[in-house]
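J.: just coords:
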């Protein structure tokens, strides 16, 4: 099903991860389209993001899993429509070791576990982002693919999810050396 209410702005920026592409939505700077390689992958990520968004731990979901058309623009070659994905609130990502601390990430990991029972293993800087809530920046999970909640995607190499060492409880330690 193609959602005719929105179009992908292919002439602007786009971002990609291991399992999805993220595109801006034409005339909606606060929205993005997360595109996956299959409808099944899109549904898996949608379900996890919806669960997290219920507790304000992920960007809000705007619409159901669908396809979008690409906005037409002179000189830009594009496909007629996208693969499967969904429209969600835009969350700004930040460079590693800048304004998002390891403690901020650890707090998000712990909130996710406490409120949803999920373990956010792949919790590195590029899988989290900032959204605005009541004029304040709030850290949220932006990678809601099934692999991010599987121990096989252990971003920090610790025995528990997150950057804090589960032996000495520090963010910088020599326990692994």
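T.: Thanks, I have the structure now. Note that the structure is predicted; figures quoted are calculated from it, not measured.
J.: is residue 147 in a helix, a strand, or coil?
T.: Using DSSP: H, G, I helix; E, B strand; the rest coil, the three-state assignment for residue 147 comes out as helix.
J.: and the pLDDT at it?
T.: You'll see residue 147 listed with a pLDDT of 91.
J.: give me the neighbour count for the closest residue to it other than its chain neighbours.
T.: Spatial nearest neighbour of residue 147, chain neighbours left out: residue 153 (4.9 Å); criterion: CB to CB, 6 or more residues apart in numbering. Backbone N, C-alpha and C define where each C-beta goes, glycine included. Per other CB atoms under 10 Å, the neighbour tally for residue 153 reads 19.
J.: span of stretch 111-125 from start to end?
T.: By CA to CA, to the nearest Å, the extent of stretch 111-125 from end to end equals 17 Å.
J.: so what touches that stretch?
T.: The contact list for stretch 111-125, computed with CB atoms under 8 Å, 6 or more residues apart in numbering, reads 48, 51-52, 55, 57, 93-97, 100, 105, 108-109, 141, 143, 147-156, 160-163.
J.: which ones are touching residue 38?
T.: By CB under 8 Å, 6+ apart, the residues touching residue 38 are 83-84.
J.: for residue 142, which non-adjacent residue is spatially closest?
T.: Closest to residue 142 by CB to CB, 6+ apart is residue 129, at 4.4 Å.
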